[in-house]
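1. 3D, please:
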Amino acid sequence: MKIKLVLAQTKPKKGDYSANVAKVGEIFTTLAEKGLKTDLLCLPEACLSGYFLQGGVLDVARTAEQALADLQRQYQPYAKEPLDICLGFYEAYQDEVYNAALYATLGPEPQLIHVHRKLFLPTYGVFDEERFVGRGQRIQAFDTRFGRCAILICEDAWHSLSATIAALQGAELLFVPAASPGRGLHSPEPDNVRYWKRLAQNIAEEHGVFVINAALCGFEGGKGLSGGSSVVDPTGVFLLEAPVLQECLLPVELDRRDLLRARYYSPLLSDLRAALPTLLRELREVLP
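-> Got it, this is the predicted structure:
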């Protein structure tokens, strides 16, 4: 199976949920006008609000069901064809606000398939996330019409154990919506973008998965979000590399046959499964 993915690198209007939902609607229109056949659309972390909101997250937080309904209304003119979508938003859930990402199918039969809540909330440098949102409690792979998937939000992916858990749960496509401030601006490609590319490539190669990293771009309160999104195949080959700081819509085709090839020639995930009993014993020894 080949999957026609479009990665949207966006600059949201800070704190304006309605405007950003409408912006996703404009993306739907652009895809239709260009005749760009799309199975799956992926957008960045917090793309329905902007990232650096601090206490303003309460004003833009929506339940996942509300966000799905709003996205479905934007997609309604094109709803004869199903479209899967993965994007980040601030979620209101059980009297708490989370930095979350949803995966859903829009179209004739809209369906909310999965919500991931960010586990690792940075509180260093320019970040102060844990003061304003709750901490997610689990990583969970989920089934879609394109295969088994998982979501990690930004710093979740910086911890190698997160991607390992997702892969062991059977994930074949790993979505990583992110909002990464530019650092090391002494060259055309910032240091943080280079790091993200290394990270995505390493995850893809180690576990034999597609890695889809969709990053915010633009400026929020004087902080520059770099963009530089990428898509990496299960052998570590870059299928797509987005420009820095620019909004863009980039199509790419994922070939699921690459999963079999990658895992056949480099069966690291299979080896990991075989070694799990030993590794779990070691982990128990270091746990408090």
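
2. would you list every one of the helices in this protein?
-> Listed in chain order, the helices of the chain (DSSP state H) span 17-33, 57-60, 64-75, 160-168, 191-207, 257-265, 268-286.

3. Export the ones you listed to TSV and append columns for mean neighbour count and distance to residue 214.
-> The way it works is simple: take the backbone N, C-alpha and C, and place the C-beta from them, glycine included. Conversion of those to TSV gives the following (neighbours: other Cβ atoms under 10 Å; distance: least, Cβ to Cβ, whole Å):
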stretch	mean neighbour count	distance to residue 214
helix 17-33	16	12
helix 57-60	17	19
helix 64-75	18	16
helix 160-168	19	16
helix 191-207	19	11
helix 257-265	15	20
helix 268-286	10	24
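
4. Tell me, how many residues neighbour residue 94?
-> The number of residues packed near residue 94 is 8, by other Cβ atoms under 10 Å.

5. and what of the one 4 residues further on?
-> Residues near residue 98, counting by other Cβ under 10 Å, number 25.

6. Now do the contacts for the nearest residue to it once chain neighbours are set aside.
-> If the residues on either side of it in the chain are set aside, residue 98 comes closest to residue 117, at 4.2 Å by Cβ to Cβ, 6 or more residues apart in numbering. With Cβ atoms under 8 Å, 6 or more residues apart in numbering as the criterion, the residues that contact residue 117 are 91, 93, 98-100, 134-137.

7. Tell me if I'm right that residue 151 and residue 119 touch.
-> No - checked against Cβ atoms under 8 Å, the pair residue 151 and residue 119 is beyond contact range at 11.1 Å.

8. Between the two, which has more neighbouring residues?
-> In this view residue 151 and residue 119 are compared by other Cβ under 10 Å, and residue 151 has more residues nearby, 30 against 17.

9. nearest spatial neighbour of the more buried one, skipping sequence neighbours?
-> Skipping the residues right next to it in sequence, residue 151 comes nearest to residue 116 by Cβ to Cβ, 6+ apart, at 3.9 Å.

10. Report the contact partners of the one you found.
-> Under the criterion of Cβ under 8 Å, 6+ apart, the contact partners of residue 116 comprise 100-102, 136, 139-140, 150-153.

11. Among the residues you listed, which one lies nearest to residue 165?
-> residue 139 (4.8 Å; Cβ to Cβ).

12. And the helix or strand of the chain with the lowest mean pLDDT, what does it pack against?
-> Least confident helix or strand, the chain: strand 223-226 with a mean of 86, by mean pLDDT, DSSP states H and E. Based on contacts counted as 3 or more Cβ pairs under 8 Å, 6 or more residues apart in numbering; DSSP states H and E, the elements that strand 223-226 packs against are strand 217-220.

13. ok, and for the strand it packs on, which residues are buried?
-> Residues 217-218, 220 are the ones in strand 217-220 that count as buried (16 or more other Cβ atoms under 10 Å).

14. how about the nearest residue to residue 1, chain neighbours excluded?
-> Of all residues beyond its chain neighbours, the one nearest residue 1 is residue 256 (4.6 Å), with distances taken as Cβ to Cβ, 6+ apart.

15. Quick check: the one you found touching residue 3?
-> Yes - in terms of Cβ under 8 Å, residue 256 counts as a neighbour of residue 3; the distance is 7.0 Å.
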